[in-house]
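>>> how would this look folded up:
(one chain, ligands or ions: 1)
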Amino acid sequence: MPLGSDRKETTLRALDVVIIGGCGHVGLPLGLAFADRGLRVVLHDINPDAVDDVNAGRLPFAEPGALEVLHAVRASGTLRATTDPATVCDAETVVVVIGTPIDDHLNPDLGAVQQAIGDIAGYLVDGQLLVLRSTVYPGVTAMVEHLVANLGLDVDVAFCPERIAEGQAMRELYELPQIVASRSDRALERATKLFRNLAHEIVHLEPEEAELAKLFTNTWRYIKFATANQLYMMANDFGLDYERIRAAVTYHYPRAADLPGAGFTAGPCLFKDTMQLAAFNNNNFHLGQASMMINEGLPLYLVARLEQSFDLGELTIGILGMAFKAESDDIRSSLSYKLKRILRFKAARVITHDPYVTVDDDLVPLKQILDESDVLILATPHAAYRDFTTTKPVIDIWNLREQGVQA
Ligand SMILES: NC(=O)c1ccc[n+]([C@@H]2O[C@H](COP(=O)([O-])OP(=O)(O)OC[C@H]3O[C@@H](n4cnc5c(N)ncnc54)[C@H](O)[C@@H]3O)[C@@H](O)[C@H]2O)c1
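You can find the predicted model right below:
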């Protein structure tokens, strides 16, 4: 198809954007942001409950600022959700942002994107722009290009990785530069135009560069947190307070200002993407793998330290915070659950609390956990845990509370 011949076709399309995986943690904020800019958006998702939530004006998960936008775009009629993949053929742009997990062997599940494209293949039409937005193993964009070509379709393919952090999505979508990559000038131009609806700055890369850019972004954060966690354990084992040392290191010293505090480094992205990069490099990524051992080892370290001070077999341990990060209801890959599993084996009893999590029947009220625990572990630094009063020891690796104690 000659350059520009799709333009006439696209003006006839009923929708600007269909998002595959549109009711997930990335797809929904993105769809809301596009719809808020006046684009006609449909969110396609295989999760009927999430689709029902969105169409009823509810968020399937917590995301600050998103509910107001959802109400506004439903009122203006620019956004709806559906489980029907046939809606794909009505859109100028199809964005794919399904989950891209790793398997039991820490290898990327390369079939996830393939499966999702396969599911919509019958509804893709010539002239569309297909934007891959999931975080992918290097080479997946090329694989998608081949898939589309093998279907005999003239569809432009671009890779534009999402870089928001959960909880910050509705701000960062408008503030972060957007990485836009494609092998074709036309796709690059179309994807750039799409993301100009949100971002002031667009950064162009080749697809493979962009795939690595996204993995490097998350891996860099994972390694930084591992560094902090290792230094925390080192100081702690030496009987010293890591936070006092960190405060001195970073005080008016810009070269070390980004040394993070210690804490559980968890969630659906950083660990997974570091392991994707390791798999990509033939499992030869010592820094990433060492970071995984440190970050994933922190709950074990805490329990081992507690065993030195307490007879855990006699005690009720309370875990405060089950979400993987502060002010979130997301428990995916949360290290609080790893801690709970270890303690269930070692302690007389383990009870848990979280002010945001709704998908865990095992949680108890805050008053009960404070009353019944002998020792409390602050696993997630929700602001709600900053100020409660208790006479029980509170193990506070995050340094959230002034009167917390070290492990
Ligand atoms: N969560 C984050 O903070 C974040 C940030 C940046 C990038 N990412 C990346 O974005 C991608 C999505 O992550 P997420 O956290 O939104 O995952 P998620 O599980 O919250 O959302 C994925 C959605 O896709 C739906 N889905 C799965 N297969 C589908 C299919 N074949 N057709 C239609 N819908 C389908 C699921 O029902 C779900 O609602 C991943 O690659 C992730 O690494 C995530």
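>>> Does residue 262 touch residue 398 like I think?
Yes - taking contacts as Cβ atoms under 8 Å, residue 262 lies within contact range of residue 398: 7.2 Å. Backbone N, C-alpha and C define where each C-beta goes, glycine included.
>>> the more surrounded of those two?
Taking neighbours as other Cβ atoms under 10 Å, residue 262 and residue 398 compare with residue 262 leading, 23 against 20.
>>> Tell me the pLDDT of the nearest residue to that one once chain neighbours are set aside.
When the adjacent residues along the chain are set aside, residue 262 lies closest to residue 232, with 3.4 Å between them (Cβ to Cβ, 6 or more residues apart in numbering). Note for residue 232: predicted pLDDT of 98.
>>> do the same with the one 3 residues further on
As summarised for this prediction, residue 235 has a pLDDT of 98.
>>> Kindly report the same for residue 105.
So, for residue 105, pLDDT stands at 89.
>>> That one - how many residues pack around it?
Neighbour tally, residue 105, other Cβ under 10 Å: 7.
>>> Just say helix, strand or coil for it.
coil (DSSP: H, G, I helix; E, B strand; the rest coil).
>>> mind listing what's buried in the lengthiest helix in the chain?
When the chain is parsed with DSSP state H, its longest helix is helix 207-237. The neighbour-count check on helix 207-237 (16 or more other Cβ atoms under 10 Å) flags 207-208, 210-215, 217-219, 221-233, 235-236 as buried.
>>> Within reach of the ligand, which of those are there?
Of the residues in the buried residues of helix 207-237, proximity to the ligand by Cβ under 6 Å from any ligand atom holds for none.
>>> do you know how far the nearest residue in space to residue 88 that is not next to it in sequence is from residue 55?
Of all residues not flanking residue 88 in the chain, residue 123 sits nearest, at 3.8 Å (Cβ to Cβ, 6+ apart). For residue 123, the distance to residue 55 equals 20 Å [Cβ to Cβ, to the nearest Å].
>>> between the two, who's got more neighbours?
residue 123 (18 against 15).
>>> List the contacts of the more buried one.
Contact partners of residue 123, counting by Cβ atoms under 8 Å, 6 or more residues apart in numbering, are 85-89.
>>> Name the spans of this structure whose pLDDT lies under the cut-off.
Scanning the chain for pLDDT under 70 picks out the ranges 1-12, 403-407.
>>> Tell me how many other residues crowd whichever residue of the stretch 1-150 of the chain sits closest to the ligand.
Nearest to the ligand in the stretch 1-150 of the chain, going by Cβ to the nearest ligand atom, is residue 24, at a distance of 1.9 Å. Residues near residue 24, counting by other Cβ under 10 Å, number 22.
>>> Go ahead and confirm it touches residue 97.
Yes - with contact defined as Cβ under 8 Å, residue 24 reaches residue 97; the gap is 6.7 Å.
>>> interface residues of the stretch 201-350 of the chain facing the ligand?
268-269.
>>> same thing but 8 Å
214, 218, 267-269, 272-273, 330, 332 (Cβ under 8 Å from any ligand atom).
>>> how about the helices in this structure?
Using DSSP H, helices in the chain cover 6-11, 27-36, 48-55, 66-76, 111-120, 140-150, 169-175, 185-196, 207-237, 242-250, 270-280, 286-309, 335-346, 366-372.
>>> The longest one versus helix 270-280: what angle between them?
Per axes from the mean of the first three to the mean of the last three Cα atoms, to 10 degrees, the angle that helix 207-237 makes with helix 270-280 is 120 degrees.
>>> ok so, going back, now restrict the contacts of residue 123 to buried residues only.
For the contacts of residue 123, buried by 16+ other Cβ under 10 Å: 85, 87-89.
>>> if we can go back for a sec, can you tell me how far the residue nearest to residue 88 is from residue 255?
Counting by Cβ to Cβ - residue 123 and residue 255 are separated by 53 Å.
>>> go on, residue 92?
From residue 92 across to residue 255, the span is 47 Å (Cβ to Cβ).
>>> Look at the two and report which has more neighbours.
Using other Cβ under 10 Å as the criterion, residue 92 and residue 255 rank with residue 92 on top: 23 against 8.
>>> Is the more buried one in contact with residue 14, as I believe?
No - with contact defined as Cβ under 8 Å, residue 92 does not reach residue 14; the gap is 9.5 Å.
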